[in-house]
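> Provided below are the primary sequence and the corresponding predicted coordinates.
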Amino acid sequence: MYVFEEERKSYLKADIISTVEFNSSGELLATGDKGGRVVVFQREQESKSQPQRRGEYNVYSTFQSHEPEFDYLKSLEIEEKINKIKWLPQQNAAYFLLSTNDKTVKLWKISERDKRPEGYNLKDEDGRIRDPSTITSLRVPVLQPMDLMVEATARRVFSNAHTYHINSISVNSDLQTFISTDDLRVNLWNLEITDRSFILLSACFSDIVDIKPANMEELTEVITSAEFHPQHCHTFAYSSSKGSIRLCDMRQAALCDKHCKYFEEPEDPSTRSFFSEIISSISDVKFSHNGRYLMTRDYLTVKVWDLQMDNKPLETYQVHDYLRGKLCSLYENDCIFDKFDVIMTGSYNNFFRMFDRNTKRDVTLEASRENSKPRAILKPRKVCVGGKRRKDEISVDSLDFSKKILHTTWHPQENIIAVAATNNLYIFQDKVN
């Protein structure tokens, strides 16, 4: 594999990458950080003189998506951190994406401009209004060439609909609506309407459906992620902190508080411990491209579910089972609450895992400046749990839990992946001969 690294020189909390997402063609890659910024990378165009540069991504646009706010009614500070980015399928020359922090979703338009109008009648070239008495002739404005400029404009702001922090957004296949999800609610928005949303799910996971339980101490389960089906615009799935997934059909009822399918793996009583409920919480849920399967990520595993079989997962992949004996220390340093993406999933020590469903093979790779020089081939890494350690292995006691890969994304059409490690973005490409 080749690696292309884009790094920021300074390392501040605001520089930590909090989400990463390819657009539908894979030509653009967007990252969001804790400082509320969105950086868009564009893929290098193919050149006959330098064919090896095909696959490199360079900065295309950078803009401030969200600013820190303060809710005076609740005396609550709202962070500018970008929680999620979702691209809309391209319809014209411009690109559109949704970005969200804890409370507000914004629709951004990214467009190019290489011409500027000149020859106005009522204002001069500096933009100052001219004295009408000095205008003696009529001029026809013309467009003059200029250096290419990429502009990012906020076209819509969707706000004031969530009491709790937004954890996910998903664009519908009808290209007209999207959902935003917090701990207890799933809202359906129309991309053209910002002053109201439709409540799809307002759940306390009991027989009585309300915005929240009468007594918050009775709350035992929250929504952790939600996503639309890639083909059926009436179907969406959402995951919970108890390790379950619910599939909902919007055609059944206006309020989707009753699911049409329920996916949950029965727990083995012999393996139950104090940490069982924490590590079973699903942090991310994704549909496969054909819509037949669901992929989920909990703390230790990735599971693949067949929509036609809800009693157990079709496949289960162990991500870092060697940490099972360290759950106590991971609980003490709060790492056990880390939320990992499911598509090509991350781990600690800047490790990330990839699984081949056909051959059942898996590989552990490391994204770091020390081991990933541009166009270097990555070597598989192995973690030693106990006993004698081989030369190319690393002991589980030597793992650096402050270095973690939480956010990853896969190119929609090619074997190109993007991995966010703290304030660095790594882009790996399948080896080209």
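Looks like it came in fine. None of these values were measured; they are calculated from a predicted model. Numbers count the residues shown, from 1 in each chain.
> Neighbours of D147, how many?
D147 has 7 neighbours, counted by other CB atoms under 10 Å. Any C-beta I mention is one placed from the backbone N, CA and C, and that applies to glycine too.
> Please identify the buried residues of stretch 317-331?
317, 319-320, 322-324, 326-327, 330 (16 or more other CB atoms under 10 Å).
> quick one: contacts of that stretch?
273, 275, 278-279, 297, 300-304, 336, 340, 345, 347-348, 351, 353, 355, 362, 383, 385, 396, 401 (CB atoms under 8 Å, 6 or more residues apart in numbering).
> Look up the residues forming beta bridges with T296.
Note on T296: beta-bridge partners V285, K303, judged by DSSP bridges.
> Was I right to think it contacts K303?
Yes: with contact defined as CB atoms under 8 Å, T296 and K303 form a contacting pair (5.0 Å).
> neighbour count winner among these two?
With neighbours defined as other CB under 10 Å, T296 and K303 compare such that T296 has more, 25 against 22.
> State the distance from the more buried one to L188.
Going from T296 to L188 by CB to CB, to the nearest Å gives 22 Å.
> and if you look at Y426?
In terms of CB to CB, Y426 sits 35 Å off from L188.
> likewise Y262?
21 Å.
> So for the two, which sits in the more crowded spot?
L188 (18 against 11).
> residues near the residue lying closest to the more buried one once chain neighbours are set aside, how many?
Leaving aside its sequence neighbours, L188 sits nearest to F198 (CB to CB, 6 or more residues apart in numbering; 4.4 Å). Here the number of neighbours of F198 (other CB under 10 Å) works out to 16.
> What of H289?
There are 10 residues near H289, going by other CB under 10 Å.
> before we move on, the earlier item: who are the contact partners of the residue nearest to L188?
For F198, the contacting residues are 187-189, 254, by CB under 8 Å, 6+ apart.
> quick check, nearest of those to G32?
W189 (19.1 Å; CB to CB).
> shouldn't that closest one be in contact with F178?
Yes: applying CB under 8 Å as the test, W189 and F178 come out as touching, 5.5 Å apart.
> which residues are common contacts for these two?
Jointly contacting W189 and F178 under the rule CB under 8 Å, 6+ apart are V105.
> so how far is the first residue of stretch 115-134 from its last?
Chord length of stretch 115-134, first to last residue, is 28 Å (CA to CA, to the nearest Å).
> Please identify the pairing partners of the strand ranked longest in the chain and their relative orientation?
Longest strand in the chain, counting residues (DSSP state E): strand 142-158. Using DSSP bridges, the strands paired with strand 142-158 in its sheet are strand 105-118 (antiparallel).
> buried residues in the strand it pairs with?
Applying 16+ other CB under 10 Å to strand 105-118 flags 105-108, 110 as buried.
> wouldn't I282 be in contact with I223 here?
No: look at I282 against I223 with CB under 8 Å: they stay out of range, at 9.9 Å.
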